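>>> could you look at this predicted model? Sequence included:
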Amino acid sequence: MKIQSNSAAMTLNSFDLSFVREKLSNDGKLSDSEISQAEEEFRKFLALVLKYDGPLAMIDKRVDEFWHSFILFTPQYRQFCSEVMGFFVDHQPRTSTTPVPTSAIANFVAAYKAEYGELPSYWVETVDNVIRAAIESGNVPEDLAFQWSGWTGRGGI
C-alpha cells in the first residue's frame, strides 16, 4: 500500500478537467449530470491509484469514458500523470491478450469501501443483477461475462 500525500490529493481534486467535460458534452456520449458524476468518481478512482498498489478495475463505462476522453488529450494527460500522480497511469482494457485480473474488481471494491464507504449504486447501475451481485460481494468468478478495464498496478501486467 502506498501512502498518499495530502498535497497530491489536493492537486488531484483541483486539477482542471474542463476540457474533458467539454469534449464529452460536445460528443453527446454522456449527459451533463453523467459527466459531473463520472468526473467525481474518476477522481476518486485516481485517489485509490495513488494509495493502493493495484490492480484496480474500472467497472463503470461512464467513468471509463471520462478516462478515455482524458487520455485523448495526450499532452495534458502526460502532464497530469507526471505532476499529480507522480507516474504514468496506464489504462488497460481487459481482453484475452491483455488481461486485467478479476482480483482487480475485488481490490477496487475493497479499496473504495475503505476510503469512501459503501460502493454507490452508480458504479453498478448499468450492469445486470448477476454482475452487480458479484461486483458488490467482491466474489467475481473468472468466467464472469463482463468486460472491464483498469489499472494493472505499478508493475503492470
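Thanks, I have the structure now.

>>> ranges for the helices of the protein?
Secondary structure of the chain by DSSP state H: the helices cover 6-14, 18-27, 32-51, 61-72, 74-80, 103-116, 129-137.

>>> flag the shaky bits of the chain, pLDDT-wise.
Residues of the chain that meet the criterion pLDDT under 70 lie in 1-10, 142-147, 155-157.

>>> can you rerun that using 50?
Applying pLDDT under 50 to the chain flags residues 1-5.

>>> ok so, going back, now the helices of the chain in CSV, with mean neighbour count?
Quick note: C-beta positions are derived from backbone N, CA and C, even for glycine. Converted to CSV, the helices of the chain look like this (neighbours: other C-beta atoms under 10 Å):
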stretch, mean neighbour count
helix 6-14, 13
helix 18-27, 15
helix 32-51, 18
helix 61-72, 20
helix 74-80, 13
helix 103-116, 19
helix 129-137, 15
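
>>> got TSV for the ones you listed, with distance to Gly86 too?
As requested, the helices of the chain are exported to TSV (distance: least, C-beta to C-beta, whole Å):
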stretch	distance to Gly86
helix 6-14	7
helix 18-27	20
helix 32-51	8
helix 61-72	17
helix 74-80	11
helix 103-116	18
helix 129-137	29
